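Chemist: Mind looking at a prediction? Sequence and model below.
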Amino acid sequence: MRKNFDIPPGRLATITHTSAILADNPLGDPATRQIDVWLPPQYDAPEHQNTKFPVLFDLVGYTGTGRSHTHWKSFEENVPERLARLIHEGAMQPCIVVFPDCFTALGGNQYINSSAIGNYADYLTREIIPFIDEQFRTHGDREHRGCFGKSSGGYGALLHGMKYPQYWGAIASHSGDAHFDFIYRSDWPNTLTQLARFAPKSPQPGSDEGLDDGRVKAFLDYIYQRSRPNGAEIHTLMNLCMAATYDPDPQAPNGFRIPFTPDTGEIIQERWNEWLKHDPALLVSEHTAELGTLKGIFIDCGWRDQYHIHYGSRIIHKVLKQAGIDHSYDEFDGTHSGIDSRMDISLPWLSEILS
């Protein structure tokens, strides 16, 4: 596809923020980060110099960061180009879009607080939201603020709708992680096989309690020296990132536990139960009251999602429907990959709900 340069592009502002919440985080990730903010063409128009705008936060998926959604892409639009086109076509109301940087040494996070990674829910809600409201002409209230994302970003949107509804008026989740027994549990044999490359020569105590016998640290040390990890290694890092997110333990090696014994692959139910406490497919029934306060909930997923996320999406849809909570739900003929076009539906929907 050839980019259309006749469309008013809006303006991409890059601002720097130093976080007190991320200072001294356990992974040693930087507390000072650059944040891209897209301003619609109307923002700088003389006739709108006093106009305030709704604001959307783009929560990217695992291994991504906000600026990866604003950089040039071959043969398709980046998010600012998509926004400019949608507004130009009259399909979408003008709004400000924020691209936070929540990348970590473990390849990302799930936008929740973790003693092993950092308090990224607090970072977003208590620091970045007020910082954006101070810097730009936003309405400055949850009625005009929303978040959206795909995969881990969709998970973040779902969790924030459940646990932080005082900050968000509407959420949109594309293929957001849900139903952990399907999406994570089945992938752990692959992770254990990768970790076996770094197994100690003699058994170490505590592995049946989810404690690292040395192979997790050795794998992480190896990854940090790699210039380009392969696909299997990235998936292993992802599962370790999820362990650090869902089952942190400051007293454990590396600051977290894993939910399977490394040699036999037996599930450690006590540890897996800690993961399930963060599963949106299980949490939704506990948070219908909070979700019911939102102005809008958008959920979609490909019915051929290779991580089986459509099953978790169906569970959430079923519970919301039974609770009488109005929401938009759709399954499309697709997988987990190459689904950016779905933003052509969710972004106009969000902008209308929050305008």
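Modeler: Here it is on my side, so go on.
Chemist: Tell me which residue lies farthest from the centre of this structure.
Modeler: What lies farthest from the middle of the chain is Ser202; by Cα atoms, centre = their mean that is 38.4 Å.
Chemist: For the residue nearest to Arg67 when sequence neighbours are not counted, list the residues it contacts.
Modeler: Nearest residue to Arg67 in three dimensions, chain neighbours excluded: Asp36, at 5.3 Å (Cβ to Cβ, 6 or more residues apart in numbering). Glycine gets a C-beta too; all of them are placed from N, C-alpha and C. Applying Cβ atoms under 8 Å, 6 or more residues apart in numbering to Asp36 gives the contacts 12-14, 66-67, 70, 98-99.
Chemist: cool, and Gln322?
Modeler: Contacts of Gln322 by Cβ under 8 Å, 6+ apart: none found.
Chemist: Low-confidence bits of this protein, can you list those?
Modeler: 1-3, 5 (pLDDT under 70).
Chemist: quick one, domains of it?
Modeler: 11-179+280-354, 184-276 (automatic domain parsing).
Chemist: Let me see the ranges of the helices in the stretch 101-250 of the chain.
Modeler: If DSSP state H, counting those that start in this stretch is used as the criterion, the helices of the stretch 101-250 of the chain fall at 120-122, 129-135, 152-163, 180-183, 188-195, 215-225, 231-246.
Chemist: Over to the stretch 251-355 of the chain?
Modeler: Using DSSP H, counting those that start in this stretch, helices in the stretch 251-355 of the chain cover 269-276, 280-283, 288-291, 309-322, 343-354.
Chemist: need the contact list for the closest residue to Glu290 other than its chain neighbours.
Modeler: Spatial nearest neighbour of Glu290, chain neighbours left out: Pro165 (4.5 Å); criterion: Cβ to Cβ, 6+ apart. Going by Cβ under 8 Å, 6+ apart, Pro165 touches 142, 290-291, 293-294.
Chemist: ok, of the residues you listed, which one's closest to Thr51?
Modeler: Each of the contacts of Pro165 was scored against Thr51 by Cβ to Cβ, and Arg142 proved nearest at 19.2 Å.
Chemist: Could you give the number of residues near that closest one?
Modeler: Arg142 has 19 neighbours, counted by other Cβ atoms under 10 Å.
Chemist: Name the nearest residue to it, ignoring sequence neighbours.
Modeler: Gly169 (4.9 Å).
Chemist: which residues touch the most centrally placed residue in the chain?
Modeler: Taking Cα atoms, centre = their mean, the centroid of the chain lies closest to Gly153, which sits 2.2 Å from it. Going by Cβ under 8 Å, 6+ apart, Gly153 touches 58-61, 64, 111, 174, 176.
Chemist: So among those residues, which ones count as buried?
Modeler: Those of the contacts of Gly153 that meet the buried threshold are 58-61, 64, 111, 174, 176, by 16 or more other Cβ atoms under 10 Å.
Chemist: Show me those that map onto strands.
Modeler: Those of the buried ones among the contacts of Gly153 mapping onto strands are 58-59, 174, per DSSP state E.
Chemist: Just put those residues in a markdown table and tack on distance to Ser337.
Modeler: Shown next, in a markdown table, are these (distance: Cβ to Cβ, whole Å):
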| residue | distance to Ser337 |
| --- | --- |
| Asp58 | 18 |
| Leu59 | 18 |
| His174 | 12 |
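Chemist: Show me which of these is closest to Asp122.
Modeler: Of these, the one sitting nearest to Asp122 (Cβ to Cβ) turns out to be Leu59, at 14.8 Å.
Chemist: wouldn't the closest one be in contact with Gln110 here?
Modeler: No. At 9.5 Å, Leu59 does not count as touching Gln110 under the criterion of Cβ atoms under 8 Å.
Chemist: what's the overlap in contacts for those two?
Modeler: Contact criterion Cβ under 8 Å, 6+ apart; residues shared by Leu59 and Gln110: 152, 156.
Chemist: Buried subset of the contacts of Asp36 as a PyMOL selection?
Modeler: Provided next is the PyMOL selection string for whichever of these are buried by 16+ other Cβ under 10 Å:
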select buried, resi 66+67+70+98+99
